[in-house]
Every structure is written in C-alpha cells, then in structure tokens.
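Asker: attaching a predicted model along with its sequence, questions to come.
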Amino acid sequence: MARSLRHLITMVEGLNKRGINLCSLTEEISTTTSGGKLVLHIFAALAEFERGLIIERTRAGMKAARARGVRPGPKRKLSRQQIDHARKLIEDGKRREDVADLFKVGRVTLYLALIGTLDSP
C-alpha cells in the first residue's frame with residue numbers, strides 16, 4: 001500500500017484528516033482505534049524491515065555471482081565475432097538496419113554492441 005513506513009503514516013494521516021478510516025478486512029485492522037493504528041504501524045515497520053533484508057540479500061548474491069564470473073542480466077544477443085563481423089559490414093558500406101536484420105537483432109541492440117555497452121562483463 002505504501003513505499004515505506006513514513007509514506008504509510010503520511011497517507012493514513014491524510015485519509016484521517018479527510019474523515020476516511022482505513023480498515024483491512026483480512027487482518028481486521030482499523031485506524032478508528034488506537035490499537036488498530038499501533039498494529040498497522042507494527043506491520044508496516046516489519047514489512048519495511050523485511051524489504052531491507054531482501055535488498056541486502058539480493059546485493060550480496062549479485063556480488064557473489066560477479067566474484068564467480070557470472071554476468072548479471074539477460075544473455076548477450078551478439079558474440080564477439082558477430083560484433084566484429086557487423087562492424088566490418090558497416091565499414092564496407094552496409095546500412096546498420098540491414099546488418100541488424102542480418103543478425104536478427106534490433107537496431108539499438110546492434111548500436112549498443114558496436115559502442116561496447118553490451119561487451120562489458
């Protein structure tokens with residue numbers, strides 16, 4: 001419902017100022033009572049804490065994968081040889097659109113490969 005505990009509190013306070021009470025049907029939490037507000041804040045704080053843990057674990061996993069030599073992201077569309085071949089075809093006067101079609105990739109993918117963005121590990 002909210003991006004952070006602070007965002008949730010601000011949103012709930014804004015709703016309350018307009019005379020709107022929040023009521024969760026599954027958890028039976030209502031902002032009409034102080035106990036309901038407390039439970040809502042506790043749940044939101046736990047959710048924010050858990051989100052932080054997930055982010056930390058993801059970053060640690062990505063770092064470990066990079067240390068093992070695994071490249072994150074989608075598989076490369078063009079090999080080093082294909083990029084070299086595409087570069088030679090373009091230097092020989094072939095249009096980039098035709099070269100992209102030849103390798104069955106989009107023009108942007110070809111362009112990024114040629115400037116080296118897709119080559120970096």
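Answerer: Arrived safely.

Asker: going forward, measure contacts between C-alpha atoms and count neighbours the same way
Answerer: OK.

Asker: buried ones in the helix or strand containing residue 37?
Answerer: According to DSSP states H and E, residue 37 maps onto helix 34-67. Within helix 34-67, the residues that qualify as buried are 36, 37, 39, 40, 41, 44, 45, 48, counting by 16 or more other Cα atoms under 10 Å.

Asker: for the fourth one, give its distance to residue 24.
Answerer: If you measure residue 40 against residue 24 using Cα to Cα, to the nearest Å, the figure is 9 Å.

Asker: next one: residue 103
Answerer: According to Cα to Cα, residue 103 and residue 24 sit 53 Å apart.

Asker: show me the shaky parts of the protein.
Answerer: Low-confidence segments of the chain, defined by pLDDT under 70, span residues 117-121.

Asker: ranges for the strands of it?
Answerer: Taking DSSP state E, the strands of the chain run over residues 23-24, 29-30.

Asker: out of those strands, which is closest to residue 80?
Answerer: If you check each of those against residue 80 by Cα to Cα, strand 23-24 wins as the nearest, at 55.0 Å.
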